[in-house]
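*Asks:* here is the input, now give the coordinates:
(one chain, ligands or ions: 1)
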Amino acid sequence: MDEIEWKHKPVESGYHAWLSYNKALPGAQLEQYRQWGGAIVSLEEQETIQAAAAELKLGLEAMLGHSVSAAPNQGQLHIALGTFDSLHVRYQSLFSEKEIEAAEAEGFVIRTSHADSCLAIGAASPAGVLYGVFHLLRLIGTGAAIDELAIISAPVNGLRMINHWDNFDGSIERGYAGNSFLYKNNRFTEDQERLRDYARMMASVGINAIAINNVNVHQEETLFITPTYLPQVAKLADIFRVYGIRLYLSINFASPIQIGGLETADPLELDVQGWWNNKASEIYAAIPDFGGFLVKADSENRPGPFTYGRDHAEGANMLAEALLPHGGIVIWRCFVYNCKQDWRDRKTDRARAAYDHFKPLDGRFNDNVVLQIKNGPLDFQVREPVSPLFGALEHTNQLIEFQITQEYTGQQRHLCYLVPQWKEILEFNTYAEGEKAPVKRVVDGSLWGNRINGMAAVTNVGEDWNWSGHLLAQANLYGYGRLAWNPDLTAEQIASEWIQLVFSLDAAIHDVISGLLMDSWSIYESYTAPLGIGWMVNPNHHYGPNVDGYEYSPWGTYHFADHKGIGVDRTVQTGTGYSAQYMGANAEVYNSLEHCPDELLLFFHHVPYTHVLHSGKTVIQHIYDNHFEGVERAAQLLSAWSSLQGRIKEELYSQVEERLREQARHAEEWRDQINTYFWRKSGIEDKHHRKIY
Ligand SMILES: CO[C@H]1[C@H](O)[C@@H](O)[C@H](O)O[C@@H]1C(=O)O
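*Replies:* Okay, the predicted model is just below:
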């Protein structure tokens, strides 16, 4: 079977996303919304506030089906929006000092004041006003009551960032929603409308930073920081700026050689430093609020400071100094490991690499450097432990990196709602400061008071009209933004919002879709690689089963299955010692065969197939059972979805049905390859005598 034969099919039925406003609101609420939403008062000229007012008008008119005026009649209920200072002139006692303080720099207050006949959205900054407007539109779109509102909301994370892995030729590394809408054939796309819609969508979930090019910076993209392309990058930044988003660029560490005519990129060379200083000035002349550089160095064959015998603090700090006078930052990725290892070498453990490289550098990075750490030690597998770097870097700014695009989780052909996974990671206790040090508090900077903090994620969007290829994968994009704003929202809440905004307020429809989303991660996990071992995918494109696909490869991704057992021994006593990178109880639990949680057993231990799990099953029987069940559950996703035929728009129905059908079929392929492989290796029969080939 050709694994990549199932080609991407663009959906061309018009945008369909949470700002499409194309569903009917129920009559009861509609009356209330129409009373408040007949007029908007917005008195500021500032472009973001103007955009916020335009957004409110657009949303209200679309959802309420009436026209909205800019000047309320005497005593008419209306919505007022603006910065606290400007609103204060007209409505003296609307917001208390306490509320204003709680909204912080980027947050907002929404309050209904019957005395003023006004529903007011106030904020300290224009971006805060915009976020407040989007919040009100979300309340209306999800059918909430609005006549007694008193909401204060401020983002928990400082940076709420999107990383594009888009290439200038229009392709997207690990993109599954068609080609890039940023570039085509080494040109910036001209579709301003789409770019603006994208910025609106991102702002509506609180995104405030976007890196526009792949971290693997190729020849042509290296020129983005030169006069050849800077004017066009600046145009994109102009669009983003209106929506409170700062633009970042991935840069090539070898730029001084490749485009600067120097013979070295050694960060300690004065010429190199001078080159970057000038470069930074040039960039800021074109883009005054440029965010900074995102850097993948010494990783998967990218250039970096190691070439010159320098470490990553020296590399990052050199760039940071160039950006400092302009207020820019360096986002330095920790995805650094040996991708040319020998599979015969049992000592080198890729999982150890990020910690081994970066832990010794804690405290050595400049104040405007932030490390970007993948959520796990390997690479966005459906299940892996949390990166032990979280909690280990007490004196360093850090961001967590998630992957919205489903490289290893079904590539948007399979459904996998990732918010539950991200939640689990964010809640994981690092034990860095005793019991109360979950990853989310490391990431939001509150544990150690980091100035730069937050989240980044590799996006899943492309030129598909539904943005994400699989329409239901859009929930991951929406969910990422919402979670970055407030990690305490539940996965269910986020799913509900998205479903209500995109599909319907009908409870029965909602429950079907919510059920699909909430079950999907566990279903995908059950028919793919078992018990935390990961990989078992086809090399390169990473789609579909291939148990030994990475077994003898230089990428350091092994399962070590033989006729007796499977798993990677990462214990301190007999293995690679990786378990000791964790703190407190985590180190003990993972190191212990007895206490290690089932779902990560094979990540930490090599065990016989007859090893009995906490669940009471042997490892081999668990593999068989889970794979048979996984296929049944994947088929149930399809049948549950089928119950919606005729109840939601046909074009939405059919695009999802097509993907769920592919998933159900492909889950069988996974089941059969995995089960057959382990049956042949172990010679142990399935207790229930089901068909194994
Ligand atoms: C951008 O390169 C990606 C690469 O495609 C992906 O397969 C790898 O796992 O991760 C890399 C990274 O995160 O840098």
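*Asks:* who's in contact with residue 342?
*Replies:* 348, 554 (Cβ atoms under 8 Å, 6 or more residues apart in numbering). Every residue, glycine included, has its C-beta placed from N, CA and C.
*Asks:* return the residues of the stretch 301-450 of the chain in contact with the ligand.
*Replies:* 335, 379 (Cβ under 6 Å from any ligand atom).
*Asks:* now do the helices in the stretch 301-450 of the chain.
*Replies:* 312-323, 353-358, 419-427, 439-443 (DSSP state H, counting those that start in this stretch).
*Asks:* what is the second one packed up against?
*Replies:* Same thing as helix 353-358. strand 369-374 (3 or more Cβ pairs under 8 Å, 6 or more residues apart in numbering; DSSP states H and E).
*Asks:* for the residue lying closest to residue 629 once chain neighbours are set aside, give me phi and psi.
*Replies:* Distances taken as Cβ to Cβ, 6 or more residues apart in numbering place residue 526 nearest to residue 629, at 6.1 Å, with adjacent residues excluded. Per-residue torsions, residue 526: phi -70, psi -30 (degrees, to the nearest 10).
*Asks:* helix/strand/coil for residue 515?
*Replies:* helix (DSSP: H, G, I helix; E, B strand; the rest coil).
*Asks:* pull the contacting residues for the closest residue to it other than its chain neighbours.
*Replies:* Nearest non-adjacent residue to residue 515, counting by Cβ to Cβ, 6+ apart: residue 640, 6.3 Å away. Applying Cβ under 8 Å, 6+ apart to residue 640 gives the contacts 512, 515, 516.
*Asks:* please identify which helix or strand holds residue 640.
*Replies:* Per DSSP states H and E: residue 640 is located in helix 619-642.
*Asks:* ok, the residue of the chain found nearest the ligand - contacts?
*Replies:* For the chain and the ligand, the shortest gap (Cβ to the nearest ligand atom) falls at residue 379, measuring 4.2 Å. Residue 379 sits next to 335, 407, 408 when contact means Cβ under 8 Å, 6+ apart.
*Asks:* what residues sit buried inside the helix or strand of the chain with the lowest mean pLDDT?
*Replies:* Ranked by mean pLDDT, DSSP states H and E, the weakest helix or strand in the chain is strand 432-435, scoring a mean of 89. Buried residues in strand 432-435, counting neighbours by 16 or more other Cβ atoms under 10 Å, are found at residue 432.
*Asks:* quick check: which element contains the residue nearest the centre of the chain?
*Replies:* Nearest residue to the geometric centre of the chain (Cα atoms, centre = their mean): residue 457, 3.3 Å. Element membership of residue 457, judged by DSSP H and E, is strand 453-458.
*Asks:* need the mean per-residue confidence for the longest helix belonging to the chain.
*Replies:* Taking DSSP state H as the criterion, the chain has its longest helix at helix 650-682. With pLDDT averaged residue by residue, helix 650-682 scores 97.
*Asks:* name the helices or strands packed onto that helix?
*Replies:* For helix 650-682, the packing partners by 3+ Cβ pairs under 8 Å, 6+ apart are helix 507-527, helix 619-642.
*Asks:* what count of nearby residues applies to residue 492?
*Replies:* Burial measure for residue 492: 13 neighbouring residues, criterion other Cβ atoms under 10 Å.
*Asks:* buried residues in the helix or strand encompassing it, which are they?
*Replies:* Assigned by DSSP H and E, residue 492 belongs to helix 491-502. By neighbour count with 16+ other Cβ under 10 Å, helix 491-502 contains the buried residues 491, 494, 495, 496, 497, 498, 499, 500, 501, 502.
*Asks:* and these near the ligand, which?
*Replies:* Among the buried residues of helix 491-502, the ligand is touched by none when using Cβ under 6 Å from any ligand atom.
*Asks:* now these in TSV, with pLDDT and distance to residue 434?
*Replies:* Output for those, formatted as TSV (pLDDT from 0 to 100; distance: Cβ to Cβ, whole Å):
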residue	pLDDT	distance to residue 434
491	98	27
494	98	29
495	98	33
496	98	34
497	98	34
498	98	36
499	98	38
500	97	39
501	97	40
502	96	42
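*Asks:* can you lay out these as CSV showing distance to residue 435?
*Replies:* Below are the buried residues of helix 491-502 laid out as CSV (distance: Cβ to Cβ, whole Å):
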residue, distance to residue 435
491, 23
494, 26
495, 29
496, 31
497, 31
498, 33
499, 35
500, 36
501, 37
502, 39
